[in-house]
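Colleague: I would like to see how this sequence folds:
(one chain, ligands or ions: 1)
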Amino acid sequence: MKIAIIGGGIGGLTVALALHKAGFRPTVYESVGDIRALGVGINLLPHAVRVLSELGLQRDLAETGIATRELLYFNKFGQRIWQEDRGLDAGYPWPQYSILRGAAHYLLLEATTIRLGADCLKTAHHLARLEDTGDQVHLTFTGGREGKPVADVSADIVIGADGIHSEVRRHFYPDEGPPIWNGAILWRGVTESAPFMTGRSMFMAGHENQKFVCYPVSRAHLDSGRSLTNWVAERRVDPDAGFRREDWNRKANLDDFLPAFEDWRFDWLDIPQLISGAETVYEYPMVDRDPVARWTHGRVTLLGDAAHPMYPIGSNGASQAILDAESLAHALRDTQGPIEALSRYESARLEPTSEIVRSNRRNGPEQVMQIVEERAPDGFDDLSDVISQDELQAIADRYKRIAGFDKARLTAAASAADKQAEA
Ligand SMILES: Cc1cc2nc3c(=O)[nH]c(=O)nc-3n(C[C@H](O)[C@H](O)[C@H](O)COP(=O)(O)OP(=O)(O)OC[C@H]3O[C@@H](n4cnc5c(N)ncnc54)[C@H](O)[C@@H]3O)c2cc1C
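Modeller: Here you go, the predicted structure:
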């Protein structure tokens, strides 16, 4: 079966590896000519780490990223609202990793070219057109976004893993228009600093209109007593001002946001100093898209950000693309007809991911910071006067269930896998 994967990002390369493990030999078509290690930090949640471990990448991830120890939420004055252990430290069967997107992408790229062969990755192949004739799908590629036609290809199955501006999705939803902006801008950077808290802590401070997210991403730095610290400063601006087309690589000016964080000098971290230490700062609008009713149309389906672009809340963007990849590869392996397999994959993944998109619009697990801001805008003497531990716990637990990584479920999955391996 000829399988064409459109897009060689994290979702596209993971599905290539998962399909290879399931006995297929897909081809990945990537728009850019020279794949470089781009992006700042991402998080891989334990259920996504399970998938990558089963693809043999656990050791590389452990050597490269940070096995996140804990997650904390604070108000804008640096008063602690919530702490929970994460990954192995919380008793999960798999770690959570905080890692540079470029490093994770590189691991996947290396594994793909070694296992599938370099000829399975066609760079400078930008999908410009697709046509499903019923028996096959015809694809036309240009040499980059604006380039001349470089190839016409036919495939039995097409997987659109081409990100938030998916050409494959546009083919089926031509009137959808650009992504939807919620008025927030994310300024992102990476700064080398002294380690903070446990050296493996991730924290968020603030509320819905102004927030700071921060976590270390490099094992090598930790081992040498330093921290390569990923940070995201977020502010809501006038939504009528509009935004420029989202581009992960757009550089930003410190003057646009640093003054708003000038007072955020906490006991454990001086945030203005951290921001000022970054070599390059990028800006990105907080965008998503409405969930759609179908990803699969005949021989073509969607995966990752092409299928369910979501706000970067709750650390789910890359993790959900990785879960899609496993689900789709298993459906193609275990189902008789390829068209039925794509439908089966959609049934398994569309509703759970749509629920995450909707939950992230309500701030996902980070809503506790907004609740505390609304109830105690001037800070608090005793947190329990503002919000109870039960309420905090319930919000954290609910989001884990929605995003598919509650501990009971993952522990049960791990012991079922162990039993299967023993049998
Ligand atoms: C350059 C870049 C930097 C990023 N940085 C961050 C970050 O710092 N933090 C964060 O949380 N998330 C970041 N992301 C997004 C994050 O990687 C995704 O949300 C998540 O990993 C899901 O991945 P995906 O494979 O579905 O989409 P993506 O990672 O967006 O990958 C889509 C791929 O498809 C390719 N493509 C697009 N159109 C076509 C076409 N017509 N034909 C062929 N190929 C096409 C793109 O070049 C890209 O390689 C970044 C994405 C990119 C592309």
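Colleague: tell me which parts of this structure are close to the ligand?
Modeller: By the rule CB under 6 Å from any ligand atom, the part of the chain lying against the ligand is 6-12, 29-32, 38-40, 42, 101, 126-127, 161-163, 167, 188, 248-249, 304-306, 312, 317-318, 321. (C-beta placed from N, C-alpha, C; glycine too.)
Colleague: In strands only, show me those residues.
Modeller: 6, 29, 42, 126-127, 188 (DSSP state E).
Colleague: ok, now which residue in this protein is the farthest from the centroid?
Modeller: D381 (36.1 Å; CA atoms, centre = their mean).
Colleague: sec struct for that residue, please.
Modeller: Local secondary structure at D381 is given as coil here, using DSSP: H, G, I helix; E, B strand; the rest coil.
Colleague: Tell me how far it lies from R80.
Modeller: 13 Å (CB to CB, to the nearest Å).
Colleague: Count the neighbours of the nearest residue to V40 once chain neighbours are set aside for me.
Modeller: Spatial nearest neighbour of V40, excluding adjacent residues (CB to CB, 6 or more residues apart in numbering): R188 at 4.8 Å. Per other CB atoms under 10 Å, the neighbour tally for R188 reads 22.
Colleague: and R188, what are its bridge partners?
Modeller: V232, Y282 (DSSP bridges).
Colleague: That one reaches Y282, doesn't it?
Modeller: Yes: with contacts counted by CB atoms under 8 Å, R188 reaches Y282, the gap being 4.9 Å.
Colleague: Quick check: neighbours shared by these two?
Modeller: V40 (CB atoms under 8 Å, 6 or more residues apart in numbering).
Colleague: how about the nearest residue to D385, chain neighbours excluded?
Modeller: A376 (7.9 Å).
Colleague: Please look at the one you found and N75 and confirm they touch.
Modeller: Yes: using CB under 8 Å as the test, A376 is close enough to N75 to be in contact (7.4 Å).
Colleague: which of the two has more neighbours?
Modeller: For A376 versus N75, neighbours defined as other CB under 10 Å are more numerous around N75 (22 against 18).
Colleague: so what's the more buried one up against?
Modeller: Contacts of N75 (CB under 8 Å, 6+ apart): 81, 205-207, 369, 372-373, 376, 379-380.
Colleague: Out of those, the closest to A403 would be?
Modeller: M369 (17.7 Å; CB to CB).
Colleague: is it true that T140 lies in a helix?
Modeller: No: according to three-state DSSP, T140 belongs to no helix; its state is strand.
Colleague: mind listing the strands for the stretch 251-400 of the chain?
Modeller: 281-288, 300-302 (DSSP state E, counting those that start in this stretch).
Colleague: Identify, out of those strands, the most deeply packed stretch.
Modeller: Neighbour counts (mean count of other CB atoms under 10 Å) averaged over each of those peak at strand 300-302, with a mean of 27.
Colleague: list the helices and strands it packs on?
Modeller: strand 157-160, helix 167-172, helix 338-361 (3 or more CB pairs under 8 Å, 6 or more residues apart in numbering; DSSP states H and E).
Colleague: Can you name the residue of the stretch 201-350 of the chain nearest the ligand?
Modeller: Ranked by CB to the nearest ligand atom, the top residue of the stretch 201-350 of the chain for proximity to the ligand is G304, at 2.3 Å.
Colleague: Against E340, how distant is that residue?
Modeller: Counting by CB to CB - G304 and E340 are separated by 22 Å.
Colleague: Which one's more surrounded, the two?
Modeller: G304 (30 against 12).
Colleague: right, and that one touches G8 too?
Modeller: No: at 11.4 Å, G304 does not count as touching G8 under the criterion of CB under 8 Å.
Colleague: Low-confidence ranges, this protein, go.
Modeller: Applying pLDDT under 70 to the chain flags residues 239, 241-248, 421-423.
Colleague: just the strands in the stretch 1-150 of the chain please.
Modeller: Under DSSP E, counting those that start in this stretch, the stretch 1-150 of the chain gives strands at 3-6, 27-29, 41-44, 66-67, 70-74, 80-85, 97-100, 121-122, 126-132, 137-142, 149-155.
Colleague: quick revisit: contacts only, for the residue nearest to V40.
Modeller: 40, 230-233, 281-284.
Colleague: what's the distance between it and F257?
Modeller: For R188, the distance to F257 - CB to CB - is 11 Å.
Colleague: Mutual contacts of the two, please.
Modeller: With CB under 8 Å, 6+ apart as the test, R188 and F257 both reach A233.
Colleague: Spit out the contact partners of the closest residue to G56 other than its chain neighbours.
Modeller: Counting by CB to CB, 6+ apart, A111 is the residue found nearest to G56 once chain neighbours are left out, at 7.3 Å. Residues counted as contacts of A111 (CB under 8 Å, 6+ apart) are 13, 17, 55-57.
Colleague: Out of those, who's the most crowded?
Modeller: Of the contacts of A111, with other CB under 10 Å as the count, L13 tops at 31 neighbours.
Colleague: Alright, that wraps it up for me.
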